[in-house]
Structures are given as structure tokens and as C-alpha cells.
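**Q** predicted structure and sequence below. I'll ask about it afterward.
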Amino acid sequence: MKSPVWVVKEVQPKEDYTLLLTFADGAKKVYNARPLLEKAIYSPLKNLAFFLCAKAECGTVVWNDDIDIAPEHLYECSKPVGGAVGA
């Protein structure tokens, strides 16, 4: 069965609190995570070293057993990287 387009295949966390994402459809997008830092559940991400530990797991971006972001949200709210598939 084919993966939904919004499944995260790769993530590269950046020091400016953005995530460079590669999705199942080949789209490369940038997600600005800074607005999340104001929400209590995401406050641990204010620690840059922790933020930079983001990994792609189970089709989305996770940091630990408590913190992840819905892949649909990542796909819909991220900006295409110029020249990438799906941009």
C-alpha cells in the first residue's frame, strides 16, 4: 500500500527552529516550529540542543515519547523548498 503524501520520510532540524522535511511524495518543505514554543506541551523544544534531536519516526517528527507533531499539520503548514518535487 502506498504511503499518504504527508508521511515524513526525513527531517533535518535547524538552529533557527525550522525543520527541513522530506515527505513520501518527494516534496521537500520547511516548517517553522517557532510558534509551537509558546504552547506548554512544546516548551521543552526551547532548549536548542533538544530541538536539534528531532527524528523522523512512524511517519512524523518526534523528539521523545511525549513530543511529536501531526504529519498532516507539518505537510499543510510548511513551505515548499524552491525547485523541489511538489514545490
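**A** Perfect, thanks for sending it.

**Q** which parts of the chain are strands?
**A** Under the criterion DSSP state E, the chain carries strands at the ranges 8-13, 18-23, 28-32, 55-57, 60-62, 68-69, 79-80.

**Q** dump those strands to CSV, plus distance to Leu45.
**A** C-betas here are computed from N, CA, C, even on glycine. Putting the strands of the chain into CSV (distance: least, C-beta to C-beta, whole Å) gives the following:
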stretch, distance to Leu45
strand 8-13, 9
strand 18-23, 11
strand 28-32, 12
strand 55-57, 13
strand 60-62, 11
strand 68-69, 10
strand 79-80, 19
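
**Q** tell me where this protein is predicted with low confidence.
**A** Scanning the chain with the threshold set as pLDDT under 70 gives 1-3, 83-87.

**Q** my guess is Lys9 contacts Asp25. True?
**A** No: judged on C-beta atoms under 8 Å, Lys9 makes no contact with Asp25 at a distance of 9.4 Å.

**Q** count of neighbours near Trp6?
**A** Under the neighbour criterion other C-beta atoms under 10 Å, Trp6 is assigned a count of 20.
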